[in-house]
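Engineer: Next one to model:
(4 chains)
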2 protein chains.
Amino acid sequence: MPTNTNAGSTANGAARPTILDLAAACGVSPATVSNALADKPNVKASTREMVRRKAAEMGYHASATARGLRLGRSWSIGLVVGDIANPFVPEVVRGVEDVVWRARKNLILCNTDFQADKKTAYVRSLLDKNIEGLIVLSQVLSPSDMRLVEAADVPLVTVNRGTPGYTSDYVGIDNHAGVRMAMDYLVGLGHRRIGFIKGLPSSNSALDRFAAYTEAVERHGLDSDPSLVMPGDYDMESGDSGARAIMASAIPPTAIVAANDQMALGALGALHELGLRVPDDVSVVGFDNIQLAAHPLLNLTTINHPKRETGDAAARLLLQRILGKMVDPPRSVVLKPSLIVRGSSGPPKPAPAPKRKKSATAKNKSDQ
Amino acid sequence: MPTNTNAGSTANGAARPTILDLAAACGVSPATVSNALADKPNVKASTREMVRRKAAEMGYHASATARGLRLGRSWSIGLVVGDIANPFVPEVVRGVEDVVWRARKNLILCNTDFQADKKTAYVRSLLDKNIEGLIVLSQVLSPSDMRLVEAADVPLVTVNRGTPGYTSDYVGIDNHAGVRMAMDYLVGLGHRRIGFIKGLPSSNSALDRFAAYTEAVERHGLDSDPSLVMPGDYDMESGDSGARAIMASAIPPTAIVAANDQMALGALGALHELGLRVPDDVSVVGFDNIQLAAHPLLNLTTINHPKRETGDAAARLLLQRILGKMVDPPRSVVLKPSLIVRGSSGPPKPAPAPKRKKSATAKNKSDQ
DNA sequence: TTCTCCTATTAAAACGTTTTTACTTCGGCC
DNA sequence: GGCCGAAGTAAAAACGTTTTAATAGGAGAA
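Structural biologist: Numbering: from 1, shown residues only, chains lettered A, B, ... in the order given. Coordinates of the predicted model:
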């Protein structure tokens, strides 16, 4: 019998057993237990078996904290989002979770509410916890936060929006192509006068989407009228007011493109309340293809944003960095948008038929 | 000059400084540094200041892993959800995050996809990580998982669904009262024949909601017809098929109550496609009041489920247990539902007026 | 002067692992 | 019989903290 006199917590019945307890119970040293459980080759088969059995029996599980300290790891990755309740977000979180889970790591969810100080505090806390990687969704880290992450040598993947001046792995969508598809589609239907509801200018994606609108207007020689373009903030409310403002234009458009689905849905609501029929009076196209855009009563034509794939790609990129500790230059994954035609879009009305003011035909909304 | 000969990682420029590095730089012992930063009273003011300054200068942050090991804490709480992409979930997550954040703890998000093995693996992993508390949302832990949590002495709060046989702190809503309100409201409008789309029988909440329907039918002496009650699974699709099945009844109802909003929205879609007007031909009432129920085109009358408050209450309960390590008996917080009247409900049609087939008055859908 | 009591500091132990190094034991070989 | 290598195990160091117990240096009292 070995001389291991473990005066450990064997008295305390409830506390979880440590490797010392297990070693004592097995009559071997902690080192051997560790090696046995880790399947190291230098431990006799019979010993390994008995350790295994005893471990299961006692319900021994190694403390992740202790291992983490010793190994310098944490098996945690941080995920910083602005607002988890935004319907776009959970879908990409789902994609991230899936691959992170398969890598046997955990996800620490940080909801910043877009507050700079909360963001900073979260980043610090994550770094203190020695996270193995960080994913930042649709947000910008402040330069000082960025320096911290960089100094800690923690792999970072930004999604949808990078930090200007700093470069990291990136996953996004081709916003320009998406809006171009929407515009080309509408033009193909015969629309020549198309309104646009923008996102906030602080967002790269919003800028890109608007730039693509401008470009399409020029390329197709469409009506270019400032009163057709309204600001927005990606929220439904602003889609509502934006649509109202656009339709109040001297010559209203026959179609409206919104920089995201929530604004498009807001526009849909506004048009409905204005007594305008969609798509007969005006077509509406969104961007992102959030779940509810598919509902038969909303039936929104939109640009699909592969959300799950976005999360998936971000997590994959991150894991590669973590595992390989690669020093390759930062990579970008740019996903392809696609057009989803639904009932909110159609050809424009037969053109400005003569002069028939205030036609009393305000009826139902959509047909399809 | 103290004899502290710290041969630490001062050579390595990049690595994050440890308390030894900081102590060396300050010319004091690690103990003093620790005490200074922790504002212990036994350190000279001038020393404290200089340690503070030097710490900021070097960017020293204590390793959470090391502190965690020493202090037996983790500053992490686990949150187990079934599907983060379900629109109900992010709202309560938001509520949880808010209070957890204020307590300076982190949230480890576990998405189980309702798979038993994934659930088990996540729980084990969380316990290994020494989480300080656990919140389980709309799910049941297996008895063996439950034993583990119990043995680890980790405070647990279940939300919306407890584990039968085990008792823990609990947060839920008065499902019965909610459906009763919906039914009483519809009866008040004059409805006597009301359909119901159920949730899965494996869910307590779904059972309660259905029980309340049955009870209301009896209490009010409403038509009790099995063909008015259809199974569902809380997904939109089943609301669609459920509504179709119900409307195929020999005598269709004048109103349908769905056990949650997603099924109600599915029903709305089905009715629309069947060419039935809401609420003129049939009223629809949901349960939960998810964000999109408020959209002007959906405009769903529903029972509000205080989602944010649910998360809030759950986290609060958990923190109390963590801080107080109370041994009080488990507590339950049962939130109050409330009726949100929107456009999808109204009085029934003037009754089976004589025989007037296919009245041509197909007009708009909602009023309110 | 010597003893006592504070104050400020430090050495050392502890938290629970993993890994490197060292130590047995034993069989085979010269 | 002594040496060597291999196999199996154990001791000890290390990861970065916090806390307990010990120590040094004065100040004041006897």
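
Engineer: for chain B, what are the nearby residues on the stretch 101-250 of chain A?
Structural biologist: A:101, A:104, A:106-111, A:118, A:124-130, A:148, A:151-153, A:236 (Cβ under 8 Å from any Cβ of the partner chain). C-beta coordinates here come from the backbone N, C-alpha and C atoms, glycine included.

Engineer: Now list the buried members of those.
Structural biologist: A:101, A:106-111, A:125-130, A:148, A:152, A:236 (16 or more other Cβ atoms under 10 Å in any protein chain shown).

Engineer: just checking, which of these belong to helices?
Structural biologist: Counted as lying in helices by DSSP state H, out of these, are A:Trp101, A:Ser125, A:Leu126, A:Leu127, A:Asp128, A:Leu148, A:Met236.

Engineer: shouldn't the third one be in contact with A:Ile108?
Structural biologist: Read that as A:Leu126. Yes. If you go by Cβ atoms under 8 Å, A:Leu126 and A:Ile108 touch, sitting 6.4 Å apart.

Engineer: Now do the shared contacts for these two.
Structural biologist: The contact sets of A:Leu126 and A:Ile108 overlap at A:Gly78, B:Asn106 (Cβ atoms under 8 Å, 6 or more residues apart in numbering or on different chains).

Engineer: A:Val80 - how many residues pack around it?
Structural biologist: By other Cβ atoms under 10 Å in any protein chain shown, 25 other residues sit near A:Val80.

Engineer: Tell me the secondary structure at the residue nearest to the spatial centre of chain A.
Structural biologist: Residue closest to the mean C-alpha point of chain A, counted by Cα atoms, centre = their mean, is A:Val92 at 3.9 Å. On the three-state scheme (DSSP: H, G, I helix; E, B strand; the rest coil), A:Val92 is labelled helix.

Engineer: I'd say it and A:His305 touch.
Structural biologist: No. Contact between A:Val92 and A:His305 fails when scored by Cβ under 8 Å: they sit 9.1 Å apart.

Engineer: could you show me where the helices are in the stretch 101-250 of chain A, in order?
Structural biologist: Assigned helices in the stretch 101-250 of chain A, in chain order: A:116-128, A:143-151, A:175-189, A:204-220, A:236-247 (criterion: DSSP state H, counting those that start in this stretch).

Engineer: Just send the ones you listed back as CSV, with distance to DNA strand C and mean pLDDT too.
Structural biologist: Output for those, formatted as CSV (distance: least, Cβ to the nearest atom of the strand, whole Å; pLDDT from 0 to 100):
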stretch, distance to DNA strand C, mean pLDDT
helix A:116-128, 16, 97
helix A:143-151, 24, 94
helix A:175-189, 45, 98
helix A:204-220, 42, 96
helix A:236-247, 50, 97
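
Engineer: picking up where we left off before, farthest pair in the buried ones among the residues of the stretch 101-250 of chain A next to chain B?
Structural biologist: Across these, the longest distance by Cβ to Cβ is 39.7 Å; it joins A:Asn130 and A:Met236.

Engineer: what about stretch A:226-240, how long is it end to end?
Structural biologist: This stretch, stretch A:226-240, spans 18 Å end to end (Cα to Cα, to the nearest Å).

Engineer: Off-centre distance for that stretch?
Structural biologist: How far stretch A:226-240 lies from its chain's middle: 22 Å, per Cα atoms, centre = their mean, to the nearest Å.
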